[in-house]
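Trainee: Whatever this is, show me its structure:
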Amino acid sequence: MTRPSLRPVVFLDRDGTLNPDRPGWYLTKPSEMRVYRKAAPALRLLRAAGFRLVVVSNQSGLGRGYLTPATLGRIHARLRRQLAAGGARLDGIYFCPHRPERRCGCRKPKALLARRAARELDLSLARAAVIGDKRADLGLARALGVPGVLVLTGHGRHERPHCAPFKPAAVRRDVLAAARWIIKNL
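Mentor: Numbers count the residues shown, from 1 in each chain. Okay, here's the model as predicted:
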């Protein structure tokens, strides 16, 4: 039996890219999850262009004891429901639960979670991209050898000056503009 061809993928950051984020704040309650208005349309465009959609997120709130794995599961379920209400869906959500000082192998900008997703979901890194609002997201793109698009939502405006060493392929105002850039350029 032949293996199905690998599918292109966009790896998406969660906080600040799909939903609001602000410095020093951790999303710890499912009721606090609100996706950006342009998130579902962006994901629909990417899906229509043939991309699989995978969230890769650092969630150190778990390691800090701010929330439990069960609560994070409910937050992700609410994220999926809100996206589905807009006609969009994710193929997977992968997250690092560790604090930054732990220096684990799964925390962005390291690529362990994205590579695991690619392996588990039969995704092609030859036609992949990363969208995010932080330097760590662009570091993930560099580690994977794929284009990284910095969005100016969430922490993006503040992080932009610090991202120059990572050479974002594009800087866009939000996830919808990033999706359009990826479809046009990938």
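
Trainee: Other residues contacting stretch 34-44?
Mentor: By C-beta atoms under 8 Å, 6 or more residues apart in numbering, the surrounding residues in contact with stretch 34-44 are 18-20, 53, 79, 82-83, 85-90, 153, 174-176, 178-179. C-beta coordinates here come from the backbone N, C-alpha and C atoms, glycine included.

Trainee: please redo it, this time with the cut-off set to 10 Å
Mentor: Stretch 34-44 is contacted from outside by 10, 12, 14, 16-20, 27, 51, 53, 78-90, 131, 151, 153-154, 173-180, 182, using C-beta atoms under 10 Å, 6 or more residues apart in numbering.

Trainee: hey, where'd the helices end up in the chain?
Mentor: Using DSSP state H, the helices of the chain run over residues 39-48, 60-63, 69-85, 112-121, 135-144, 156-159, 175-185.

Trainee: Please identify the deepest-packed of the ones you listed.
Mentor: helix 135-144 (a mean of 23; mean count of other C-beta atoms under 10 Å).

Trainee: Next, the angle from the strand ranked longest in the chain to helix 135-144.
Mentor: Counting by DSSP state E, the longest strand found in the chain is strand 123-132. Here the directions of strand 123-132 and helix 135-144 differ by 160 degrees (axes from the mean of the first three to the mean of the last three C-alpha atoms, to 10 degrees).

Trainee: quick one: strand 123-132 to chain centroid distance?
Mentor: 11 Å (C-alpha atoms, centre = their mean, to the nearest Å).

Trainee: Likewise for stretch 46-65?
Mentor: Counting by C-alpha atoms, centre = their mean, stretch 46-65 comes out at 4 Å from the chain centroid.

Trainee: swap in stretch 138-145?
Mentor: 12 Å.

Trainee: repeat for stretch 159-176
Mentor: The answer for stretch 159-176 is 14 Å, by C-alpha atoms, centre = their mean.

Trainee: which of the residues in that stretch are buried?
Mentor: Buried residues in stretch 159-176, defined by neighbour count with 16 or more other C-beta atoms under 10 Å: 159-160, 163, 166, 168-172, 174-176.
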